[in-house]
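>>> Sharing a model that was predicted from the sequence below.
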Amino acid sequence: MAWSLDARIPVSILPEGAALAAALAGGKPAAVVTLAPPGPLPAGAISAVSFEAGVTAHAVACACCQGRSPAAQALDRLFQARVRGQSGWFDRVLVLDEDGAGDAVRAALGEDALASARFRLA
């Protein structure tokens, strides 16, 4: 018998705000990724992050951040907040697909080695 365990955090792309609210209402603790800076934390969300181009915790042009997409950097900030205890522990990530955010996250998971090591499409 073959076993397969994928410990990466599942990422779900949701088409609209109503689907996001429904997904947050049921299921395991979740973090939210949005294109625009998040307003108040949505009800049921543990943490939220947005695509903020150029926002990084490191010096400008550091080797680990340079050339990474805003989506990959957003997922990175989310993961780091989780492991450092700066946010609550979440078991899944919900992406509100607004203005191509879903495509950007899909591309990050397909092209960015660090993002794909930590997260997977659900």
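Yep, it's here. Numbering: from 1, shown residues only.

>>> Please give the element, helix or strand, for the residue nearest the centre of the chain.
Nearest residue to the geometric centre of the chain (C-alpha atoms, centre = their mean): residue 75, 4.0 Å. Taking DSSP states H and E as the definition, residue 75 sits inside helix 70-83.

>>> residues in contact with the residue nearest to the centre of the chain?
11, 33, 49, 93, 105, 108, 115, 118-119 (C-beta atoms under 8 Å, 6 or more residues apart in numbering). Heads up, the C-betas are built off the backbone N, CA and C, glycines and all.

>>> From residue 82, how far off is it?
11 Å (C-beta to C-beta, to the nearest Å).

>>> just residue 89 next, same as before
From residue 89 across to residue 82, the span is 6 Å (C-beta to C-beta).

>>> is it true that residue 10 touches residue 92?
Yes. Judged on C-beta atoms under 8 Å, residue 10 makes contact with residue 92 at a distance of 5.0 Å.

>>> between those two, what contacts are shared?
Listed as contacting both residue 10 and residue 92 by C-beta under 8 Å, 6+ apart are residue 122.

>>> now the helices for the protein?
17-25, 70-83, 101-111, 113-118 (DSSP state H).

>>> Having no further points to raise, I will conclude here.
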